[in-house]
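Trainee: any chance you can model this:
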Amino acid sequence: MPADERFSFSMRLDEDYRFVVDFDQAAVPSLLMDEPAPLGAGSGPNASRILAAAVGNCLSASLLFCLRRARVEVHDLRTTVTGTLVRNEAGRLRIGEVQATLAPTIDAQELPRIQRCLELFEDFCVVTQSVRDGITVSVNVEPTSAPELGEHRLDVLRRDEYARLDEADHVYMDYTGGGLYAASQLREHMRLLEAGVFGNPHSVNPTSHASTELVERARARVLEFFEASPDEYTAIFTPNATGALRLVGESYPFQPGDRFLLTFDNHNSVNGIREFARARGAQTTYVPSVAPELRVDEDVLEQYLSQTAGSHHNLFAFPAQSNFSGVQHPLEWIGRAQAAGFDVLLDAAAYVPTNRLDLSAWHPDFVTLSFYKMFGWPTGVGCLIARHEALAKLERPWFSGGTIVAAFVQREYHRSAPGPAHFEDGTVDYLNLPAVEIGLDHLESVGVQTIHERVRELTARLIEQLAALRHTNGAPAAVIYGPQTTAARGATIAFNFLHPDGRIVDERYVDRLAGEHRISLRTGCFCNPGAGEVAFTVAKETLLGGEFGDAVTLEDYVQRIGLPSGGAVRASLGIVSNAKDIDRFAAFTRAFIDLDTTPSDLPPRTVC
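Mentor: Have a look, this model is predicted:
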């Protein structure tokens with residue numbers, strides 16, 4: 001809050017001593033206040049309780065802010081406030097003292113790190129320090145340690161916030177495809193929409209101002225969550241990660257002599273940028289992955305990075321985590337590529353749901369992500385987080401409503417809007433953007449590190465079970481594509497089941513059987529052909545051996561070039577995956593032991 005900011009609100013008499021307080025923020029619901037009996041009916045808090053609550057809230061928010069800035073994950077924070085009424089010399093009631101006890105729940109190993117916050121946080125409480133001029137305020141902090149690895153907390157979270165999973169007897173293992181939302185996210189979002197009136201933020205009326213405030217709050221929260229300084233980064237809202245990637249691809253100033261360098265292991269939405277590069281005369285080069293780990297050879301990467309000359313616009317793109325195999329590529333590549341003259345595009349969509357991305361430690365030029373992959377709701381909102389310096393290089397190929405200050409028909413002239421508005425075509429999804437802030441707060445309250453630790457443990461169990469699956473003849477019943485340990489890998493596992501003679505079990509049959517077991521997996525190529533080509537040892541010559549003409553279906557193409565399968569099976573874990581999910585999956589895998597054939601009535605493959 002700026003030092004010179006003034007605020008005002010209005011109060012109106014409802015009946016008796018009951019007042020309705022209407023705040024000056026459209027998104028904030030009205031508050032009912034009342035006096036206790038016998039003067040009033042006690043249907044709402046009175047002024048004394050509101051004052052004490054303000055003190056407690058201010059203290060809680062200040063402590064929480066300090067702990068988060070210190071990178072201490074707060075799993076829970078409970079505050080108890082006690083107000084004591086006394087009579088002064090004239091016999092008038094006054095608030096004599098407010099006592100606040102704050103009980104943050106943090107990991108035991110973090111307890112020694114919070115002392116500095118305990119010394120500082122009270123001084124930053126605007127209300128508390130103001131009240132102290134006339135009222136004694138006593139503060140006590142009683143931190144408690146969270147259960148190890150947060151296991152108990154996540155089990156409780158699943159029961160309370162994701163109860164629909166167990167009520168429907170469902171095992172969800174497609175978190176890389178889409179995250180799951182907590183029930184409280186929806187409730188909070190709906191409360192906000194029910195209480196406010198929000199208009200198009202491109203106007204200047206009160207409802208427009210209310211929407212603009214929510215949009216900018218969400219934008220600031222995104223930067224805060226990723227530790228991205230506003231002095232260095234801008235957050236641009238897009239329909240999804242693909243929309244963010246397209247924004248970079250269509251606007252990057254490729255020219256003849258420039259290079260677009262990317263890893264084999266990339267989502268098709270990154271691969272598609274090569275079409276923009278080709279259209280502008282730039283060269284596209286792929287850095288290969290190496291089986292069986294599906295990682296990049298560091299020496300080979302260094303050779304590719306060194307192949308630049310002169311003053312050119314060069315772009316290097318890679319995923320922080322593979323959406324195919326779960327491989328986590330080194331973030332150290334960012335600085336190395338920039339030192340070699342590349343701008344760096346980091347696809348973080350598969351990484352950030354279970355890993356902390358700290359943009360104060362790593363400084364990619366462009367970061368793309370989808371929020372539904374992080375916390376399930378809202379869908380249809382993604383983000384491009386871009387460095388100001390890199391953003392200034394982008395040349396938009398068109399303009400639209402919302403991206404300009406003014407445009408003229410007779411002059412055929414337009415003036416671009418400054419800041420993120422220049423890149424946000426049309427009207428942003430202003431009613432759903434508040435849900436982004438709610439979702440980020442939810443992840444923060446659970447603790448990204450807590451989620452990370454849990455899914456790493458479960459991933460190890462899942463890999464172990466698949467690796468141990470055997471037919472009665474001793475042959476493996478499954479093959480894993482990618483790392484066989486949890487070192488430098490995420491909770492995404494690509495694999496195929498095998499027949500006793502080593503043939504791959506048709507992934508369409510796996511999908512059918514998983515549905516019968518109420519297990520949600522992903523099958524196919526996962527929009528990552530490069531990783532699949534290496535995993536299945538498909539040579540370039542093989543791909544050139546068949547043409548994908550207009551009359552050729554995907555099914556025809558798979559058979560024509562002799563691919564062993566139309567893809568793989570992918571299991572991915574997330575925020576409320578638990579041991580029971582892994583046990584249910586293990587029981588499901590036993591259906592493939594000694595499986596010789598699959599049904600002939602499987603549906604045709606149509607897309608990859």
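Trainee: going forward, measure contacts and count neighbours with C-alpha atoms only.
Mentor: OK.
Trainee: what are the buried residues along the host helix or strand of Val98?
Mentor: In the assignment (DSSP states H and E), Val98 maps to strand 93-107. Of the residues in strand 93-107, Ile95, Glu97, Val98, Gln99, Ala100, Thr101, Leu102, Ala103, Pro104, Thr105, Ile106, Asp107 count as buried by neighbour count, 16 or more other C-alpha atoms under 10 Å.
Trainee: can you add pLDDT and give these back as JSON lines?
Mentor: JSON lines is the format used below for the buried residues of strand 93-107 (pLDDT from 0 to 100):
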{"residue": "Ile95", "pLDDT": "92"}
{"residue": "Glu97", "pLDDT": "93"}
{"residue": "Val98", "pLDDT": "94"}
{"residue": "Gln99", "pLDDT": "93"}
{"residue": "Ala100", "pLDDT": "94"}
{"residue": "Thr101", "pLDDT": "93"}
{"residue": "Leu102", "pLDDT": "93"}
{"residue": "Ala103", "pLDDT": "92"}
{"residue": "Pro104", "pLDDT": "91"}
{"residue": "Thr105", "pLDDT": "88"}
{"residue": "Ile106", "pLDDT": "86"}
{"residue": "Asp107", "pLDDT": "81"}
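Trainee: possible to save those as TSV with distance to Phe264?
Mentor: Shown next, in TSV, are the buried residues of strand 93-107 (distance: C-alpha to C-alpha, whole Å):
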residue	distance to Phe264
Ile95	68
Glu97	65
Val98	62
Gln99	60
Ala100	56
Thr101	54
Leu102	51
Ala103	49
Pro104	45
Thr105	43
Ile106	40
Asp107	39
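Trainee: pull the most distant pair out of those.
Mentor: Maximum pairwise distance among the buried residues of strand 93-107 (C-alpha to C-alpha): 36.3 Å, between Ile95 and Asp107.
Trainee: and the strands in the stretch 1-150 of the chain, which stretches?
Mentor: 10-15, 18-22, 31-33, 74-87, 93-107, 136-141, 144-146 (DSSP state E, counting those that start in this stretch).
Trainee: nearest to Ala337, of these?
Mentor: Among the strands of the stretch 1-150 of the chain, strand 74-87 sits nearest to Ala337 (C-alpha to C-alpha), with 35.3 Å.
Trainee: report the distance from the closest one to the chain centre.
Mentor: 33 Å (C-alpha atoms, centre = their mean, to the nearest Å).
Trainee: now do it against strand 93-107: the angle between them, please.
Mentor: 170 degrees (axes from the mean of the first three to the mean of the last three C-alpha atoms, to 10 degrees).
Trainee: partners of strand 74-87 in the sheet?
Mentor: strand 93-107 (antiparallel) (DSSP bridges).
Trainee: contacting residues around Ala317?
Mentor: Taking C-alpha atoms under 8 Å, 6 or more residues apart in numbering as the criterion, Ala317 is in contact with Phe260, Leu261, Leu262, Thr263, Val270, Val344, Leu345, Leu346, Asp347.
Trainee: you'd agree it is in a strand?
Mentor: Yes. Per DSSP: H, G, I helix; E, B strand; the rest coil, Ala317 lies within a strand segment.
Trainee: measure it to His267 for me?
Mentor: Using C-alpha to C-alpha, to the nearest Å, we find Ala317 at a distance of 10 Å from His267.
Trainee: do the same with Glu119
Mentor: On the measure of C-alpha to C-alpha, Glu119 and His267 end up 47 Å apart.
Trainee: likewise Pro434?
Mentor: Taking C-alpha to C-alpha, one finds Pro434 at 28 Å from His267.
Trainee: please apply the same query to Val405.
Mentor: Distance from Val405 to His267, by C-alpha to C-alpha: 35 Å.
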